[in-house]
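[1] Need a 3D model of the following:
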Amino acid sequence: MTLRNDLPPNIHSTGTLPKAVWAKGAYIHDATGKVYVDGSGGPAVYCLGHANDEVNDAIKQQLDRIAHGYRYNFTTDALEELTEIIRERCGGTLNHMVYVTGGSEAVESCLKIALQYQTAVGQKSRRRFIARERSWHGNTLGALGVSGFLERRKDFEGAYIDAIRISPANVYRPIAGATAETAGEACAKELEDAILKHGPETIAAFIFEPVVGAAGGCVPAPPGYAKRVREICDRYGVVMISDEVMSGVGRCGTWRALAHDGVEPDVMSIAKGLAGGYLPLGAAIYSDRIAEAINAAHGAVQTGHTFTGHTACCAAGVAVQKIMLREKLVERVAANEAKIKAMIAEALSGVEAVGDIRGRGHFIATELVADRKTKKPFDGSKKIFMQIRQQALENGLICYPVGGNVDGVNGDIVILSPPYNSSDSELAEMVDKMATSIKQVLKRIGAA
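    Next comes the predicted model:
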(Lines give C-alpha, C1' and ligand atoms only; values in the text may rest on other atoms or scores of the structure.)
Protein backbone atom coordinates (compact mmCIF):
# COMPACT_ATOMS: atom_id res chain seq x y z
CA MET A 1 0.00 0.00 0.00
CA THR A 2 1.35 3.43 -0.92
CA LEU A 3 0.36 6.76 0.52
CA ARG A 4 -2.18 8.47 -1.68
CA ASN A 5 -0.60 11.43 -3.45
CA ASP A 6 -3.86 13.32 -3.75
CA LEU A 7 -3.80 14.17 -0.04
CA PRO A 8 -2.10 17.36 1.15
CA PRO A 9 0.35 17.18 4.08
CA ASN A 10 -2.22 17.78 6.77
CA ILE A 11 -5.55 16.33 7.81
CA HIS A 12 -7.62 18.72 5.71
CA SER A 13 -7.93 16.88 2.40
CA THR A 14 -9.00 18.48 -0.83
CA GLY A 15 -8.33 15.49 -3.10
CA THR A 16 -10.54 12.52 -3.94
CA LEU A 17 -12.38 11.34 -0.86
CA PRO A 18 -14.90 8.59 -0.15
CA LYS A 19 -18.48 9.81 -0.54
CA ALA A 20 -20.45 9.51 2.70
CA VAL A 21 -24.06 8.53 2.02
CA TRP A 22 -25.52 7.64 5.43
CA ALA A 23 -24.56 7.19 9.05
CA LYS A 24 -25.97 5.94 12.30
CA GLY A 25 -24.43 6.15 15.74
CA ALA A 26 -20.67 5.60 15.54
CA TYR A 27 -20.71 4.29 11.95
CA ILE A 28 -20.54 5.99 8.56
CA HIS A 29 -21.29 4.25 5.24
CA ASP A 30 -19.78 5.41 1.96
CA ALA A 31 -21.11 5.09 -1.59
CA THR A 32 -19.26 1.81 -2.17
CA GLY A 33 -20.87 0.21 0.89
CA LYS A 34 -17.74 0.41 3.03
CA VAL A 35 -18.34 1.06 6.71
CA TYR A 36 -16.15 3.22 8.96
CA VAL A 37 -16.24 3.40 12.72
CA ASP A 38 -15.94 7.08 13.68
CA GLY A 39 -13.23 6.96 16.32
CA SER A 40 -12.65 10.69 16.33
CA GLY A 41 -16.21 11.94 16.07
CA GLY A 42 -15.05 13.71 12.91
CA PRO A 43 -12.80 16.48 14.28
CA ALA A 44 -13.98 15.87 17.88
CA VAL A 45 -17.49 17.07 17.02
CA TYR A 46 -20.02 14.24 16.96
CA CYS A 47 -20.52 13.77 20.70
CA LEU A 48 -23.76 11.79 20.19
CA GLY A 49 -22.73 10.06 16.98
CA HIS A 50 -24.80 10.35 13.83
CA ALA A 51 -28.53 10.41 13.03
CA ASN A 52 -29.87 10.69 16.56
CA ASP A 53 -33.65 10.61 16.12
CA GLU A 54 -34.39 12.90 19.06
CA VAL A 55 -32.04 15.61 17.82
CA ASN A 56 -33.26 15.32 14.23
CA ASP A 57 -36.89 15.57 15.37
CA ALA A 58 -36.13 18.69 17.42
CA ILE A 59 -34.57 20.35 14.38
CA LYS A 60 -37.50 19.38 12.14
CA GLN A 61 -40.04 20.69 14.63
CA GLN A 62 -38.18 23.98 14.91
CA LEU A 63 -38.02 24.34 11.12
CA ASP A 64 -41.77 23.85 10.96
CA ARG A 65 -42.22 26.85 13.29
CA ILE A 66 -39.44 29.26 12.32
CA ALA A 67 -35.93 28.53 11.05
CA HIS A 68 -34.25 31.76 12.07
CA GLY A 69 -35.45 34.67 14.15
CA TYR A 70 -32.84 37.35 13.43
CA ARG A 71 -31.26 38.33 16.73
CA TYR A 72 -31.69 42.12 16.32
CA ASN A 73 -35.41 41.67 15.73
CA PHE A 74 -36.39 38.74 17.95
CA THR A 75 -35.46 36.40 20.74
CA THR A 76 -36.71 32.79 20.51
CA ASP A 77 -37.58 29.93 22.84
CA ALA A 78 -34.66 27.87 21.52
CA LEU A 79 -32.13 30.64 22.14
CA GLU A 80 -33.45 31.38 25.62
CA GLU A 81 -33.59 27.72 26.63
CA LEU A 82 -30.06 27.05 25.41
CA THR A 83 -28.80 30.12 27.24
CA GLU A 84 -30.22 28.83 30.52
CA ILE A 85 -28.72 25.39 29.91
CA ILE A 86 -25.28 26.86 29.28
CA ARG A 87 -25.48 29.10 32.32
CA GLU A 88 -26.35 26.13 34.50
CA ARG A 89 -23.63 23.94 33.01
CA CYS A 90 -20.96 26.63 33.31
CA GLY A 91 -21.87 27.63 36.84
CA GLY A 92 -20.13 30.55 38.53
CA THR A 93 -20.31 33.94 36.83
CA LEU A 94 -20.20 32.84 33.17
CA ASN A 95 -23.71 34.06 32.45
CA HIS A 96 -23.39 35.95 29.16
CA MET A 97 -22.90 34.67 25.63
CA VAL A 98 -22.86 35.46 21.94
CA TYR A 99 -23.86 32.59 19.65
CA VAL A 100 -21.94 31.94 16.44
CA THR A 101 -21.75 29.14 13.90
CA GLY A 102 -18.35 27.63 14.67
CA GLY A 103 -15.14 27.58 16.66
CA SER A 104 -13.21 30.17 14.67
CA GLU A 105 -16.07 32.67 15.04
CA ALA A 106 -16.28 31.86 18.74
CA VAL A 107 -12.58 32.60 19.24
CA GLU A 108 -12.82 35.74 17.12
CA SER A 109 -15.66 36.95 19.33
CA CYS A 110 -13.67 36.15 22.49
CA LEU A 111 -10.79 38.30 21.22
CA LYS A 112 -13.17 41.18 20.42
CA ILE A 113 -14.87 40.92 23.80
CA ALA A 114 -11.48 41.14 25.54
CA LEU A 115 -10.53 44.21 23.51
CA GLN A 116 -13.89 45.86 24.09
CA TYR A 117 -13.62 45.20 27.82
CA GLN A 118 -10.20 46.83 27.98
CA THR A 119 -11.57 49.84 26.12
CA ALA A 120 -14.58 49.99 28.46
CA VAL A 121 -12.36 50.14 31.56
CA GLY A 122 -10.16 52.87 30.09
CA GLN A 123 -7.29 50.61 29.03
CA LYS A 124 -7.38 51.06 25.26
CA SER A 125 -3.59 50.77 25.11
CA ARG A 126 -4.08 47.05 25.76
CA ARG A 127 -4.28 45.74 22.19
CA ARG A 128 -1.93 42.72 22.21
CA PHE A 129 -2.57 39.05 22.91
CA ILE A 130 -0.33 36.41 24.42
CA ALA A 131 -0.75 32.83 23.26
CA ARG A 132 1.22 29.61 23.26
CA GLU A 133 3.16 27.79 20.59
CA ARG A 134 1.61 24.50 19.50
CA SER A 135 -1.90 25.78 20.00
CA TRP A 136 -4.73 26.13 17.52
CA HIS A 137 -7.47 28.70 17.71
CA GLY A 138 -9.08 28.86 14.27
CA ASN A 139 -9.03 29.87 10.62
CA THR A 140 -10.14 33.51 10.72
CA LEU A 141 -7.31 36.03 10.56
CA GLY A 142 -7.77 37.05 14.18
CA ALA A 143 -7.72 33.46 15.36
CA LEU A 144 -4.73 32.67 13.14
CA GLY A 145 -2.91 35.56 14.76
CA VAL A 146 -3.08 33.86 18.16
CA SER A 147 -2.53 30.33 16.87
CA GLY A 148 0.73 28.48 17.29
CA PHE A 149 0.12 25.87 14.60
CA LEU A 150 2.87 26.71 12.11
CA GLU A 151 1.66 24.65 9.18
CA ARG A 152 -1.82 26.12 9.26
CA ARG A 153 -0.81 29.76 9.65
CA LYS A 154 2.43 30.17 7.66
CA ASP A 155 0.79 30.85 4.28
CA PHE A 156 -1.05 33.84 5.74
CA GLU A 157 1.74 35.50 7.71
CA GLY A 158 1.88 39.24 7.24
CA ALA A 159 -1.89 39.55 6.88
CA TYR A 160 -2.73 39.20 10.57
CA ILE A 161 -1.45 40.70 13.81
CA ASP A 162 0.87 38.24 15.50
CA ALA A 163 0.42 37.36 19.13
CA ILE A 164 3.27 37.26 21.61
CA ARG A 165 3.93 33.52 21.77
CA ILE A 166 5.25 31.59 24.74
CA SER A 167 6.18 27.93 25.14
CA PRO A 168 3.71 25.04 25.21
CA ALA A 169 2.76 23.78 28.66
CA ASN A 170 3.47 20.07 28.27
CA VAL A 171 4.45 17.70 31.08
CA TYR A 172 5.80 15.14 28.57
CA ARG A 173 7.99 17.79 26.92
CA PRO A 174 8.66 20.39 29.66
CA ILE A 175 10.34 23.67 28.74
CA ALA A 176 14.11 24.03 29.18
CA GLY A 177 15.15 23.88 32.80
CA ALA A 178 11.86 22.40 33.98
CA THR A 179 10.79 18.89 34.91
CA ALA A 180 7.42 17.23 34.69
CA GLU A 181 6.83 18.32 38.28
CA THR A 182 7.86 21.95 37.77
CA ALA A 183 6.49 22.46 34.24
CA GLY A 184 3.33 24.22 35.40
CA GLU A 185 5.13 26.81 37.50
CA ALA A 186 7.83 27.34 34.87
CA CYS A 187 5.30 27.96 32.11
CA ALA A 188 3.26 30.29 34.32
CA LYS A 189 6.42 32.27 35.09
CA GLU A 190 7.10 32.53 31.36
CA LEU A 191 3.66 34.13 30.95
CA GLU A 192 4.38 36.63 33.72
CA ASP A 193 7.79 37.42 32.24
CA ALA A 194 6.20 38.07 28.82
CA ILE A 195 3.65 40.44 30.36
CA LEU A 196 6.37 42.37 32.15
CA LYS A 197 8.69 42.43 29.14
CA HIS A 198 6.07 43.92 26.80
CA GLY A 199 4.36 46.00 29.49
CA PRO A 200 1.09 45.08 31.21
CA GLU A 201 -0.46 48.23 29.78
CA THR A 202 -0.13 46.71 26.27
CA ILE A 203 -1.61 43.25 26.96
CA ALA A 204 -5.33 42.70 26.41
CA ALA A 205 -5.60 38.97 27.06
CA PHE A 206 -3.93 35.59 27.33
CA ILE A 207 -5.60 32.79 25.37
CA PHE A 208 -4.94 29.08 25.87
CA GLU A 209 -6.50 25.66 25.51
CA PRO A 210 -6.94 23.87 28.86
CA VAL A 211 -6.30 20.65 26.94
CA VAL A 212 -4.47 21.42 23.70
CA GLY A 213 -6.20 19.72 20.79
CA ALA A 214 -4.93 19.18 17.26
CA ALA A 215 -1.78 21.26 17.55
CA GLY A 216 -0.32 19.36 20.48
CA GLY A 217 -2.32 16.19 20.77
CA CYS A 218 -4.60 16.23 23.82
CA VAL A 219 -2.07 17.92 26.11
CA PRO A 220 -3.64 18.71 29.51
CA ALA A 221 -2.51 21.77 31.44
CA PRO A 222 0.16 20.74 34.00
CA PRO A 223 -1.07 20.52 37.60
CA GLY A 224 -1.38 23.96 39.15
CA TYR A 225 -0.75 25.80 35.88
CA ALA A 226 -4.26 27.17 35.29
CA LYS A 227 -4.57 28.51 38.85
CA ARG A 228 -1.25 30.32 38.51
CA VAL A 229 -2.36 31.74 35.15
CA ARG A 230 -5.56 33.00 36.80
CA GLU A 231 -3.52 34.72 39.53
CA ILE A 232 -1.15 36.32 37.03
CA CYS A 233 -3.94 37.59 34.77
CA ASP A 234 -5.71 39.11 37.78
CA ARG A 235 -2.51 40.74 39.02
CA TYR A 236 -1.80 42.51 35.74
CA GLY A 237 -5.33 43.24 34.49
CA VAL A 238 -5.09 40.72 31.64
CA VAL A 239 -8.28 39.02 30.41
CA MET A 240 -8.05 35.21 30.68
CA ILE A 241 -9.53 33.43 27.64
CA SER A 242 -10.10 29.69 27.75
CA ASP A 243 -10.41 28.21 24.27
CA GLU A 244 -12.61 25.15 24.77
CA VAL A 245 -13.76 24.69 21.19
CA MET A 246 -12.31 21.16 21.13
CA SER A 247 -11.92 20.30 24.79
CA GLY A 248 -15.13 21.75 26.22
CA VAL A 249 -18.80 20.77 26.44
CA GLY A 250 -17.99 17.48 28.15
CA ARG A 251 -15.24 16.19 25.87
CA CYS A 252 -12.73 16.02 28.73
CA GLY A 253 -15.06 14.70 31.42
CA THR A 254 -16.24 18.06 32.80
CA TRP A 255 -18.65 20.32 30.93
CA ARG A 256 -16.13 23.15 31.13
CA ALA A 257 -12.68 21.73 30.46
CA LEU A 258 -11.09 24.26 32.84
CA ALA A 259 -13.40 23.13 35.64
CA HIS A 260 -11.04 20.16 36.05
CA ASP A 261 -8.39 22.66 37.13
CA GLY A 262 -10.71 24.52 39.50
CA VAL A 263 -10.53 27.76 37.52
CA GLU A 264 -13.07 30.08 35.90
CA PRO A 265 -11.91 32.15 32.92
CA ASP A 266 -13.12 35.62 32.04
CA VAL A 267 -14.09 34.60 28.53
CA MET A 268 -14.53 31.15 26.98
CA SER A 269 -15.09 29.76 23.49
CA ILE A 270 -17.10 26.61 22.84
CA ALA A 271 -18.42 25.00 19.67
CA LYS A 272 -17.99 21.42 18.49
CA GLY A 273 -19.91 19.47 21.13
CA LEU A 274 -22.54 22.14 21.70
CA ALA A 275 -24.83 20.92 18.91
CA GLY A 276 -22.85 17.77 18.20
CA GLY A 277 -22.39 18.56 14.52
CA TYR A 278 -26.12 18.34 13.77
CA LEU A 279 -26.09 22.03 12.85
CA PRO A 280 -23.26 24.61 13.05
CA LEU A 281 -23.16 26.23 16.49
CA GLY A 282 -20.67 27.83 18.86
CA ALA A 283 -20.58 30.51 21.51
CA ALA A 284 -18.34 33.07 23.16
CA ILE A 285 -19.20 33.07 26.85
CA TYR A 286 -18.13 35.79 29.26
CA SER A 287 -18.38 36.62 32.94
CA ASP A 288 -20.54 39.06 34.86
CA ARG A 289 -17.50 41.28 35.46
CA ILE A 290 -16.75 41.56 31.76
CA ALA A 291 -20.42 42.10 30.90
CA GLU A 292 -20.95 44.81 33.53
CA ALA A 293 -18.01 46.87 32.27
CA ILE A 294 -18.96 46.57 28.60
CA ASN A 295 -22.66 47.19 29.18
CA ALA A 296 -21.96 50.27 31.31
CA ALA A 297 -19.68 51.81 28.69
CA HIS A 298 -21.19 50.62 25.41
CA GLY A 299 -24.57 49.05 26.08
CA ALA A 300 -23.68 45.64 24.64
CA VAL A 301 -20.87 43.59 23.15
CA GLN A 302 -20.03 44.62 19.60
CA THR A 303 -19.59 41.22 18.03
CA GLY A 304 -21.87 38.83 16.20
CA HIS A 305 -22.97 37.87 12.72
CA THR A 306 -26.08 37.46 10.60
CA PHE A 307 -26.63 33.94 11.88
CA THR A 308 -25.81 34.67 15.51
CA GLY A 309 -28.35 32.81 17.63
CA HIS A 310 -29.74 30.94 14.60
CA THR A 311 -32.96 29.44 15.91
CA ALA A 312 -32.73 25.96 14.37
CA CYS A 313 -29.08 25.68 15.42
CA CYS A 314 -30.01 26.61 18.98
CA ALA A 315 -32.79 24.00 18.91
CA ALA A 316 -30.21 21.40 17.91
CA GLY A 317 -28.04 22.54 20.81
CA VAL A 318 -30.90 22.27 23.27
CA ALA A 319 -31.67 18.73 22.14
CA VAL A 320 -28.04 17.60 22.31
CA GLN A 321 -27.50 19.12 25.74
CA LYS A 322 -30.70 17.61 27.15
CA ILE A 323 -29.60 14.15 26.03
CA MET A 324 -26.13 14.65 27.47
CA LEU A 325 -27.62 15.66 30.82
CA ARG A 326 -30.34 13.01 30.95
CA GLU A 327 -27.99 10.16 30.02
CA LYS A 328 -25.17 11.44 32.24
CA LEU A 329 -22.78 11.35 29.29
CA VAL A 330 -20.26 13.79 30.75
CA GLU A 331 -19.94 11.50 33.75
CA ARG A 332 -19.57 8.54 31.40
CA VAL A 333 -16.79 10.33 29.52
CA ALA A 334 -14.94 10.98 32.77
CA ALA A 335 -15.30 7.36 33.87
CA ASN A 336 -14.06 6.06 30.50
CA GLU A 337 -10.76 7.96 30.51
CA ALA A 338 -8.71 5.39 32.41
CA LYS A 339 -10.33 2.56 30.46
CA ILE A 340 -9.50 4.05 27.05
CA LYS A 341 -5.90 4.79 28.05
CA ALA A 342 -5.47 1.24 29.36
CA MET A 343 -6.97 -0.22 26.18
CA ILE A 344 -4.56 1.81 24.02
CA ALA A 345 -1.57 0.86 26.19
CA GLU A 346 -2.48 -2.82 25.94
CA ALA A 347 -3.14 -2.71 22.20
CA LEU A 348 0.23 -1.02 21.58
CA SER A 349 2.16 -2.99 24.19
CA GLY A 350 5.69 -3.71 22.97
CA VAL A 351 5.63 -0.99 20.30
CA GLU A 352 8.79 0.98 21.05
CA ALA A 353 7.61 3.99 19.06
CA VAL A 354 4.88 4.79 21.61
CA GLY A 355 6.19 7.75 23.59
CA ASP A 356 3.14 8.99 25.46
CA ILE A 357 -0.56 8.23 25.88
CA ARG A 358 -2.33 11.26 27.30
CA GLY A 359 -5.48 13.35 27.46
CA ARG A 360 -8.70 13.55 29.40
CA GLY A 361 -12.08 11.89 29.00
CA HIS A 362 -12.87 11.04 25.38
CA PHE A 363 -9.95 13.12 24.12
CA ILE A 364 -6.92 10.82 24.12
CA ALA A 365 -3.77 11.00 22.00
CA THR A 366 -0.90 8.64 21.32
CA GLU A 367 2.42 10.31 20.55
CA LEU A 368 4.87 8.35 18.42
CA VAL A 369 8.63 8.86 18.72
CA ALA A 370 11.75 7.57 16.99
CA ASP A 371 13.50 7.15 20.35
CA ARG A 372 11.49 6.56 23.48
CA LYS A 373 14.36 7.38 25.83
CA THR A 374 15.25 10.76 24.30
CA LYS A 375 11.70 11.46 23.03
CA LYS A 376 13.18 12.31 19.64
CA PRO A 377 10.35 12.53 17.09
CA PHE A 378 10.37 10.88 13.70
CA ASP A 379 11.60 13.02 10.82
CA GLY A 380 8.67 15.14 9.71
CA SER A 381 9.39 14.40 6.04
CA LYS A 382 8.16 10.83 6.58
CA LYS A 383 4.61 12.14 7.17
CA ILE A 384 3.92 9.18 9.42
CA PHE A 385 0.74 10.75 10.72
CA MET A 386 -0.64 10.97 7.18
CA GLN A 387 0.30 7.40 6.45
CA ILE A 388 -1.56 6.32 9.59
CA ARG A 389 -4.57 8.39 8.60
CA GLN A 390 -4.74 6.70 5.21
CA GLN A 391 -4.08 3.23 6.60
CA ALA A 392 -6.79 3.71 9.22
CA LEU A 393 -9.31 4.73 6.55
CA GLU A 394 -8.47 1.60 4.59
CA ASN A 395 -8.99 -0.40 7.79
CA GLY A 396 -12.40 1.21 8.31
CA LEU A 397 -11.47 3.68 11.05
CA ILE A 398 -11.77 7.45 11.19
CA CYS A 399 -9.18 8.83 13.60
CA TYR A 400 -7.40 12.19 13.90
CA PRO A 401 -3.65 12.01 13.20
CA VAL A 402 -1.70 15.29 13.19
CA GLY A 403 1.94 16.17 12.51
CA GLY A 404 4.34 18.81 13.80
CA ASN A 405 3.30 18.60 17.43
CA VAL A 406 6.89 18.90 18.69
CA ASP A 407 8.24 21.91 16.81
CA GLY A 408 5.79 22.70 14.05
CA VAL A 409 7.49 20.34 11.60
CA ASN A 410 8.36 17.12 13.40
CA GLY A 411 6.18 14.98 15.62
CA ASP A 412 3.33 12.53 15.03
CA ILE A 413 0.21 12.03 17.12
CA VAL A 414 -3.00 10.07 16.70
CA ILE A 415 -6.12 11.31 18.49
CA LEU A 416 -9.17 9.30 19.42
CA SER A 417 -12.19 11.42 20.40
CA PRO A 418 -15.16 9.05 20.23
CA PRO A 419 -18.83 9.93 20.68
CA TYR A 420 -19.71 10.20 24.36
CA ASN A 421 -22.27 7.41 24.04
CA SER A 422 -19.96 4.92 22.33
CA SER A 423 -20.44 1.41 23.67
CA ASP A 424 -17.57 -0.57 25.18
CA SER A 425 -17.45 -2.77 22.10
CA GLU A 426 -17.28 0.29 19.82
CA LEU A 427 -14.44 1.75 21.88
CA ALA A 428 -12.61 -1.57 21.66
CA GLU A 429 -13.07 -1.63 17.87
CA MET A 430 -11.71 1.92 17.56
CA VAL A 431 -8.65 1.18 19.67
CA ASP A 432 -7.96 -2.12 17.92
CA LYS A 433 -8.15 -0.61 14.44
CA MET A 434 -6.00 2.35 15.48
CA ALA A 435 -3.32 0.09 16.96
CA THR A 436 -3.38 -2.16 13.89
CA SER A 437 -3.00 0.82 11.57
CA ILE A 438 -0.10 2.25 13.60
CA LYS A 439 1.71 -1.08 13.61
CA GLN A 440 1.23 -1.52 9.87
CA VAL A 441 2.72 1.88 9.10
CA LEU A 442 5.62 1.47 11.53
CA LYS A 443 6.43 -1.91 10.00
CA ARG A 444 6.35 -0.44 6.52
CA ILE A 445 8.87 2.30 7.40
CA GLY A 446 11.10 -0.12 9.32
CA ALA A 447 10.30 1.27 12.77
CA ALA A 448 8.22 -1.59 14.16
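[2] List the contacts of stretch 300-310.
    Stretch 300-310 is contacted from outside by 67-71, 76, 79, 96, 98-101, 105, 108-109, 112-113, 116, 279-281, 284, 286, 291, 294, 313, using Cβ atoms under 8 Å, 6 or more residues apart in numbering. Using the backbone N, CA and C atoms, a C-beta is placed for each residue, glycine as well.
[3] rerun at 7 Å
    By Cβ atoms under 7 Å, 6 or more residues apart in numbering, the residues outside stretch 300-310 that reach it are 68, 71, 79, 98-101, 105, 109, 112-113, 116, 294.
[4] would you list the residues you listed in TSV and tack on pLDDT and secondary structure?
    Putting the contacts of stretch 300-310 into TSV (pLDDT from 0 to 100; DSSP: H, G, I helix; E, B strand; the rest coil) gives the following:
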residue	pLDDT	secondary structure
H68	97	coil
R71	88	coil
L79	98	helix
V98	97	strand
Y99	97	strand
V100	97	strand
T101	96	coil
E105	97	helix
S109	98	helix
K112	98	helix
I113	98	helix
Q116	98	helix
I294	98	helix
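[5] Closest to I161 out of these?
    Relative to I161, the closest of the contacts of stretch 300-310 is K112; by Cβ to Cβ it sits at 12.9 Å.
[6] which residues touch that closest one?
    Applying Cβ under 7 Å, 6+ apart, the residues contacting K112 are 302-303.
[7] let's number from 15 now, not from 1
    With the count now opening at 15, the last piece we talked about shows up as K126.
[8] now it: how far from G156?
    8 Å (Cβ to Cβ, to the nearest Å).
[9] Show me which of the contacts of stretch 314-324 are buried.
    Among the contacts of stretch 314-324, those classed as buried by 16 or more other Cβ atoms under 10 Å are 82, 85, 93, 112-115, 119, 123, 126-127, 130, 308.
[10] just these now: which is nearest P236?
    Nearest member of these to P236, counting by Cβ to Cβ, is I127, at 27.0 Å.
[11] low-confidence ranges in this structure?
    Counting by pLDDT under 70, the chain contains low-confidence ranges at 15-29.
[12] can you map out the helices along it?
    55-58, 67-79, 91-104, 117-134, 155-160, 164-167, 197-212, 239-250, 302-312, 325-340, 343-361, 398-408, 438-458 (DSSP state H).
[13] and among those, the most buried is which?
    Comparing the helices of the chain by mean neighbour count (mean count of other Cβ atoms under 10 Å), helix 117-134 comes out on top with a mean of 25.
[14] List the contacts of R187.
    389, 420.
[15] what phi and what psi does the backbone show at it?
    Phi and psi for R187, reported as degrees, to the nearest 10, are phi -130, psi 70.
[16] I'd like to know how far it sits from G369.
    From R187 to G369 the distance is 9 Å (Cβ to Cβ).
[17] Quick check: neighbours shared by those two?
    With Cβ under 7 Å, 6+ apart as the test, R187 and G369 both reach K389.
[18] can you list contacts of stretch 352-368?
    By Cβ under 7 Å, 6+ apart, the list of residues contacting stretch 352-368 reads 371, 378, 380, 382-383, 386, 430, 441-442, 445-446, 449, 452-453, 456, 461.
[19] hmm, which two among those residues are most spread apart?
    L441 and A461, at 26.5 Å, using Cβ to Cβ across these.
[20] Which residue, neighbours along the chain excluded, lies closest to the residue nearest the centre of the chain?
    Computing the C-alpha centroid of the chain and ranking residues by Cα atoms, centre = their mean puts M260 first, at 1.9 Å. Of all residues not flanking M260 in the chain, G227 sits nearest, at 3.6 Å (Cβ to Cβ, 6 or more residues apart in numbering).
[21] Report how many residues lie close to that neighbour.
    30 (other Cβ atoms under 10 Å).
[22] residue contacts, it?
    58, 150, 260-261.
[23] so how far is V344 from it?
    18 Å.
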